[in-house]
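K.L.:
build me a model:
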Amino acid sequence: MHKLSIIAIAMLLMFSLTGRAQQFIKATDSAIATVGRINFNADGSADWTWPGAQFYCSFTGTSVRMKTKPGSSYFVIVIDGGTPFKVQSEKSTDGLVTLATGLAPGTHSLQITYAVEGALRHPVLYGLLLDDGARLGSKPTLPERKMEFIGNSITCALGNEWDGVSKKFDSKMQNIYRSYEAIAARKLNAQWQVVARSGIGIYRNNCGKVDGDPAVMPAYYPFANVRMSGKRWDFSRYQPDVVCVNLGTNDTTHPKWRDDKLQEAFKSFVKDIRGHYPKAKIVLLTGTMIKGERLEAVQKAEQAAIDDARSRGDNNVYRFDFTPSDGSLGYGYGKHPSARQHEKMADELVPFIKKITGWN
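P.N.:
Purely as a prediction, here's the structure:
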């Protein structure tokens, strides 16, 4: 993995691309608030592989850049609460990405959200470059409410910004900032953490073995990165009030799945989640890419998990069914939900979350 050398940091401290002195702020600075399964390293960098990693801070000065590992892909940037925009960390560059220049003197807010999946890219944020003499402000206070979303490509927002023409998937088509979970969380004034991977299932993956696959979400879930080994995630770092689980779409692909395996997997995973989050409300989601027999199978499996939880005295497990997409709001790549469909999903989910939590 590429690391900033002492010499490189010194150079960044002295000169920007325009030759002006700059201030380098490490990604692990205590004034930066974060959300997501992010690893903080001894050299001051931060890395992650689960989607939706978020960084929040305020800064003084008129410009801001970020130093990333080249090829980290797309980020969504929000400055001073303005219109979100995408930037890209390309492989062919030095990893320096300009976020803003020519800002009015004073203090500005910054939000950085990783927009795509990091499993194959292993993105790294080394830090921020500010004007000479500029500094970070106080660490932002994030919403007290916390949500976690566990899922597959739907929750990863795969293809939600598809142009409707391209035949080959490109990461520029994916924007988790415009996912149902991100939209819903903003409407609910809640933090949102994502543990999701495209193609994954709860007992078998997309078109996997009928009797099950080893590399499924319950196997990945305990780990800090998208792999079934290595550093385990410290669940005490983030205790959500609500956990939404959107799995089952890939389990019910061809060939025919096993209902008993699907039901047992949901029961087991709910128990696992409950062990990590004793007080959370767990919501099992369906949709929007399945209907008919597939939808019925997932609903039945989720209900079995709810009934199993209730038999243990756990009455905080629920099911919520999104309206299956019919194309009226367009499709994303591979008939995944479009950005407009994600907006509808959020609009459907928010009232339900308010109902079970009492949030206003």
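K.L.:
Three-state assignment for residue 329, please.
P.N.:
When classified by DSSP: H, G, I helix; E, B strand; the rest coil, residue 329 comes out as coil.
K.L.:
and the nearest residue to residue 92 once chain neighbours are set aside, how far from residue 57?
P.N.:
For residue 92, ignoring the flanking residues on the chain, the nearest one in space by C-beta to C-beta, 6 or more residues apart in numbering is residue 70 at 7.3 Å. C-betas here are computed from N, CA, C, even on glycine. Here residue 70 is placed at a distance of 23 Å from residue 57 (C-beta to C-beta, to the nearest Å).
K.L.:
which of those two has more neighbours?
P.N.:
The neighbour comparison of residue 70 against residue 57 (other C-beta atoms under 10 Å) goes to residue 57, with 22 against 15.
K.L.:
beta-bridge partners for that one, please?
P.N.:
Following DSSP bridges, residue 57 is listed with bridge partners residue 110.
K.L.:
I figured it was touching residue 33, is that so?
P.N.:
Yes - at 7.0 Å, residue 57 and residue 33 qualify as touching, with contact defined as C-beta atoms under 8 Å.
K.L.:
common neighbours of these two, please.
P.N.:
Common contact partners of residue 57 and residue 33 (C-beta atoms under 8 Å, 6 or more residues apart in numbering): 139, 140.
K.L.:
local confidence estimate at the residue nearest to residue 74 when sequence neighbours are not counted?
P.N.:
The spatially closest residue to residue 74, leaving aside those adjacent along the chain, is residue 115, at 4.3 Å (C-beta to C-beta, 6+ apart). Looking at residue 115, its pLDDT stands at 98.
K.L.:
how much space between residue 115 and residue 98?
P.N.:
Separation of residue 115 from residue 98 (C-beta to C-beta) stands at 17 Å.
K.L.:
then residue 90?
P.N.:
Look at residue 90 and residue 98: by C-beta to C-beta, they are 13 Å apart.
K.L.:
could you list the domains of the protein?
P.N.:
In the assignment given by automatic domain parsing, the structural domains of the chain cover 6-131, 145-357.
K.L.:
got TSV for the ones you listed, with distance to residue 138 too?
P.N.:
Formatted as TSV, the domains of the chain follow (distance: least, C-beta to C-beta, whole Å):
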stretch	distance to residue 138
domain 6-131	7
domain 145-357	18
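K.L.:
which of those comes out lowest on mean pLDDT?
P.N.:
Across the domains of the chain, domain 6-131 gives the lowest mean pLDDT, at a mean of 91.
K.L.:
and residue 108, helix, strand or coil?
P.N.:
Of the three states, residue 108 takes strand according to three-state DSSP.
K.L.:
do the same with residue 236
P.N.:
helix.
K.L.:
before we move on, the earlier item: residues contacting the residue nearest to residue 92?
P.N.:
2, 89, 90, 91, 92, 93, 94, 95.
K.L.:
next: residue 143.
P.N.:
189, 190, 191.
K.L.:
what separates it from residue 256, distance-wise?
P.N.:
Here residue 143 is placed at a distance of 43 Å from residue 256 (C-beta to C-beta).
K.L.:
ditto for residue 166
P.N.:
32 Å.
K.L.:
what do you get for residue 153?
P.N.:
Using C-beta to C-beta, one obtains 21 Å as the distance from residue 153 to residue 256.
K.L.:
between those two, which is the more surrounded one?
P.N.:
Using other C-beta under 10 Å as the criterion, residue 153 and residue 256 rank with residue 153 on top: 26 against 10.
K.L.:
tell me if I'm right that the more buried one and residue 337 touch.
P.N.:
No - the pair formed by residue 153 and residue 337 falls short of the contact definition of C-beta under 8 Å, at 9.4 Å.
K.L.:
helices of the stretch 201-350 of the chain, residue ranges please.
P.N.:
Using DSSP state H, counting those that start in this stretch, the helices of the stretch 201-350 of the chain run over 217-220, 259-276, 292-311, 339-357.
K.L.:
which helices and strands does the first one pack with?
P.N.:
What that stands for is helix 217-220. Here helix 217-220 touches helix 259-276, going by 3 or more C-beta pairs under 8 Å, 6 or more residues apart in numbering; DSSP states H and E.
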